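Undergrad: Test case, fold it:
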Amino acid sequence: MATHKETKTWARDGFVISMDPSLVPIASLNKAFDSEEMYWAKALPEEAVREALKNSWCWGLYSPTPSPPATTDAESSDPAATLHEIAESVHKPSQVSDQSTEGPSLIGFARAITDRITFFYLTDVYVLPEWQGQGLGKWLVSCVQEVVEDMPHLRRSMCITGESKESRAARFYKQLMKMDAITEGITVLSAKGRGNTF
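TA: As a prediction, this is how the structure comes out:
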């Protein structure tokens, strides 16, 4: 079972997913928080981000190149696609950027608020739009689920999407994390805090 003292790492086709929060570039994460794609978040003071990372399980998705491979018009992703892509495979980059010496770039992220034993709340899942359509979001959430399945005393895992229970995002989390919309039997209560954006 993963604990706060352990970090896991996965690698595939040059991409890396790491649970090491010290690898997460705060400025890149805050830039993503401030983007329209992450409508549920906003940039935070740097120290607040550090504290959130320290008190959470994090999965950073890193690219070996700072820019995605070039695509033709026929290969371009649908601009109406949601943040959570469900492509089946990761394509190897067809072109390497001259900036590849800068090291891996944060291109996706997921965070869990958890007691590490009985409860797991998934939040802040994203893949940068220019990297979507390559199966990276599916791989990222599959790595999250691998950790969830290592929690033998887990009572519940949860996430909130800003979409209906029949949405693409809901189907995505049902497929990869076995999550279903709660429709009867319990009431989930919530209070919006000052940091709420939707």
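
Undergrad: Which parts of the chain are helices?
TA: 26-33, 46-54, 136-148, 168-177 (DSSP state H).

Undergrad: Point out the most buried one among these.
TA: Comparing the helices of the chain by mean neighbour count (mean count of other Cβ atoms under 10 Å), helix 136-148 ranks first with a mean of 21. Every residue, glycine included, has its C-beta placed from N, CA and C.

Undergrad: where does this structure have low pLDDT?
TA: Along the chain, the model assigns pLDDT under 70 to residues 1-5, 66, 69-103, 163-166.

Undergrad: All the strands of it, in order from the start?
TA: 9-12, 15-18, 57-63, 105-114, 119-127, 156-159 (DSSP state E).

Undergrad: List the strands paired with the fourth one, with their directions.
TA: Right, the one you point to is strand 105-114. Note on strand 105-114: by DSSP bridges, its sheet partners are strand 57-63 (antiparallel), strand 119-127 (antiparallel).

Undergrad: Could you dump these into TSV and include distance to T9 and mean neighbour count?
TA: As requested, the strands paired with strand 105-114 are arranged in TSV below (distance: least, Cβ to Cβ, whole Å; neighbours: other Cβ atoms under 10 Å):
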stretch	distance to T9	mean neighbour count
strand 57-63	10	24
strand 119-127	18	21
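
Undergrad: Same list (the strands of the chain) but as TSV, adding distance to Q134.
TA: Compiled in TSV, those are given as follows (distance: least, Cβ to Cβ, whole Å):
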stretch	distance to Q134
strand 9-12	11
strand 15-18	9
strand 57-63	10
strand 105-114	10
strand 119-127	8
strand 156-159	22
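
Undergrad: Sounds good, over and out.
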